[in-house]
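Colleague: Take a look and give me a structure for this.
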Amino acid sequence: MACESKGACTALGGQVKDHILVIPNPLAAEPGQWVSLHMPESSVLRASAVLYGLPALSLILGAAAGNAMAAGLGIGDDPGTALGAGVGMVLGLGIMWVLNRRLGGRAHYKPHMVSILGPGMD
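Modeller: Numbering: from 1, shown residues only. Predicted structure coming up:
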């Protein structure tokens, strides 16, 4: 068995690493057995929107606000845009961190075991 998206992990020079996931074991799977996990598609989409969309949106809005406020701050458009983008990105990442802390523990955002596939294929 292999992840169908494993190429995405190494596309930018990253390394493939094992991930440890602690979940309930209602099927009484034994160590070494392969299991099938499921997570609702809506949860994956929401988490992806927060993970990718929020920082990007906050960066763009920050850049626009910085550009609009540049003259009032007595700086040029480009430095104002860059400053606003940086502030927007930091705020977006901060909001994302808070949302992760509040929502990440909910069962809806955690995968659950649905079947035992068989012995491990190490």
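Colleague: which residues of the protein fall in strands?
Modeller: Counting by DSSP state E, the chain has strands at residues 33-38, 112-119.
Colleague: Give me the distance from the longest helix along the chain to the chain's centre.
Modeller: Longest helix of the chain, by residue count under DSSP state H: helix 77-103. Distance, stretch centre to chain centre, for helix 77-103: 15 Å (C-alpha atoms, centre = their mean, to the nearest Å).
Colleague: I figured residue 118 hits residue 34, correct?
Modeller: Yes - Residue 118 is within contact range of residue 34, at 5.9 Å (criterion: C-beta atoms under 8 Å). C-beta: built from backbone N, CA, C; applies to glycine.
Colleague: Settle it for me: which of those two has more neighbours?
Modeller: residue 34 (14 against 10; other C-beta atoms under 10 Å).
Colleague: For the more buried one, give its distance to residue 111.
Modeller: 14 Å (C-beta to C-beta, to the nearest Å).
Colleague: and residue 25, what are its phi and psi?
Modeller: phi -120, psi 70 (degrees, to the nearest 10).
Colleague: Now do the contacts for it.
Modeller: residue 113 (C-beta atoms under 8 Å, 6 or more residues apart in numbering).
Colleague: ok, it to residue 31 distance?
Modeller: 10 Å.
Colleague: same deal with residue 59?
Modeller: Taken as C-beta to C-beta, the span from residue 59 to residue 31 is 44 Å.
Colleague: Likewise for residue 110?
Modeller: With C-beta to C-beta as the criterion, residue 110 and residue 31 are 20 Å apart.
Colleague: Same drill for the two, tell me which one is more crowded.
Modeller: Ranked by neighbour count (other C-beta under 10 Å), residue 110 and residue 31 place residue 110 first, with 15 against 5.
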